[in-house]
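J.: After the sequence you'll find the predicted model.
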Amino acid sequence: MKKKILAGLLTISACFALGSTSFAADATIPTPTNSSPSVTSEVTPYVYYEKDIYLKVGDFGSEYSGITWNVIYNDGSTIVGTDRFVVTPVEPGITVVSAEMGNAVVFLFRFHVSY
C-alpha cells in the first residue's frame, strides 16, 4: 500500500515537473515605435439657447419645434405631447423641456403657467 502511494506521488510530481517545463523557443517581442496615430475627426460642441414662454391656464395647446424633446421638470402645470411637441397648460407652475433642433443646437424651453 505504501509503495502504491509513493509511486502515485512520484507520478504526480513527475507530471508537474514536465508540465512546468517550457518546450517552446524563446519568443522575441517587437518594441513599439513612438509614432502616435493622427486623429482627423472633429468634435462639434452643442450650442444651447434658453427661451422663457409664458402661458395662461385655459390656453390652447401650442406646437413647438424640435426633432427630439425631453421633459426635464414638470410639476403638473402642463401636458407635453409624446408624438408631437405640443404643450398644453392646465394649472399654474413651471415645466422645463430640452428640445434638440439638429446640427448640435439645443433649446431649453421654460414654460411658465399662470392664471
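T.: Cool, the structure landed.
J.: Have a look at this structure and report the helix or strand with the lowest mean pLDDT.
T.: Every helix and strand in the chain was compared by mean pLDDT, DSSP states H and E; the lowest is helix 2-20, with a mean of 58.
J.: which is the next helix or strand following it?
T.: Of the helices and strands lying after helix 2-20 in sequence (DSSP states H and E), the nearest is strand 47-56.
J.: List the contacts of that next one.
T.: Strand 47-56 is contacted by residues 62, 78, 87, 89, 104-115 when judged by CB atoms under 8 Å, 6 or more residues apart in numbering. All C-beta spots, glycine's among them, are computed from the backbone N, C-alpha and C.
J.: what about 6 Å?
T.: 89, 105-113 (CB atoms under 6 Å, 6 or more residues apart in numbering).
J.: average pLDDT across that strand?
T.: The average of the pLDDT scores along strand 47-56 is 93.
J.: Quick check: buried residues in that strand?
T.: Going by neighbour count (16 or more other CB atoms under 10 Å), the buried part of strand 47-56 is L55.
J.: repeat for stretch 65-80
T.: So, applying 16+ other CB under 10 Å, buried residues of stretch 65-80: 66, 69, 74, 77-78, 80.
J.: and these as a markdown table, adding pLDDT and distance to V97?
T.: Formatted as a markdown table, the buried residues of stretch 65-80 follow (pLDDT from 0 to 100; distance: CB to CB, whole Å):
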| residue | pLDDT | distance to V97 |
| --- | --- | --- |
| G66 | 83 | 8 |
| W69 | 90 | 5 |
| N74 | 94 | 8 |
| S77 | 92 | 12 |
| T78 | 93 | 9 |
| V80 | 92 | 6 |
